[in-house]
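Engineer: Turn this into a model:
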Amino acid sequence: MDVKLEKPLANVGMSTAHPAMRNAERQIIIYWVVSTLVGVPLLYDWLFAWNVPATFSQPWLVIYLIFSLALSQTLYVLVARHGGRSINLKALTIFAVGNGIAETFAFAAIYRVGALLGSAVVGSFAPSAASFAGFILGLIFFMIYGGLIHGLFWMRVLPPHFDDDPRSQGIRKYRPLAEVVLVLGWGLCFWLFEDIWTVILFHTIVDIGLMLLVRPAIFGAKPKA
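Structural biologist: As a prediction, the model looks like this:
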């Protein structure tokens, strides 16, 4: 989420702007509800299938998922700051679980739409390449959506939380690449095993990291320590 924030919610979690904080919470909840309402019908069969063992039966994929998570979070630790806000376990739990589930519904749904389109188009003239084409287009859809939702939504909800010194700016240049590496692993879970629950687990861990490092003043968390 390597972005600069602009008003009106740029100071959320940085002051006593409680109406802005409540507005941020409402926007997050609305986002979760919409993601769930859109995602569940599109992902019904995935949600009621437990394919986590299939993913974890592939050591190379598990290693890749852990590596991509570690890379992403290491870069985040190096540049993210909490601005003096304290950790709130209630807020951490609500956000990590809520966003880990609901936003993954959105990610998986947009991936699946792209995968279905890619498979249908390429399958019409090259059936043997249909599945891989679906994976590529689904991954592209996933990445585009991820960039847009973080740039247009999360940049307005989260407080400013990146250092602007030259060292941090240098590190931040690599964060988009780290996010691509992360998304590739999640896309492989979708493509190979239709496994959404492993992605939910890893996404929840990412959101735990965000709440520990950034500590936005939402869901009961205090603006200042």
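Engineer: Give the ranges of residues in this structure that sit below the confidence cut-off.
Structural biologist: The chain contains residues with pLDDT under 70 at 1-20, 221, 224-225.
Engineer: Centre-most residue in the chain?
Structural biologist: Among the residues of the chain, the one closest to the centroid is residue 203, at 5.9 Å (Cα atoms, centre = their mean).
Engineer: what packs against the helix or strand harbouring it?
Structural biologist: Assigned by DSSP states H and E, residue 203 belongs to helix 196-213. Packing contacts for helix 196-213, counted by 3 or more Cβ pairs under 8 Å, 6 or more residues apart in numbering; DSSP states H and E, involve helix 52-56, helix 59-79, helix 89-123, helix 175-193. Where you see a C-beta, it was placed from the backbone N, CA and C, and this is true even at glycine.
Engineer: Quick one: distance of that helix to the chain centre.
Structural biologist: 8 Å (Cα atoms, centre = their mean, to the nearest Å).
Engineer: could you give the angle of it to helix 89-123?
Structural biologist: With axes from the mean of the first three to the mean of the last three Cα atoms, to 10 degrees applied, the angle from helix 196-213 to helix 89-123 works out at 140 degrees.
Engineer: Sort out which residues of helix 196-213 are buried, please.
Structural biologist: Of the residues in helix 196-213, 196-200, 202-204, 206-211, 213 count as buried by neighbour count, 16 or more other Cβ atoms under 10 Å.
Engineer: Okay, the residue nearest to residue 180 when sequence neighbours are not counted and residue 186: tell me how far apart.
Structural biologist: Excluding its sequence neighbours, the residue lying closest to residue 180 (Cβ to Cβ, 6 or more residues apart in numbering) is residue 143, at 6.7 Å. Distance of residue 143 to residue 186, computed by Cβ to Cβ, to the nearest Å: 11 Å.
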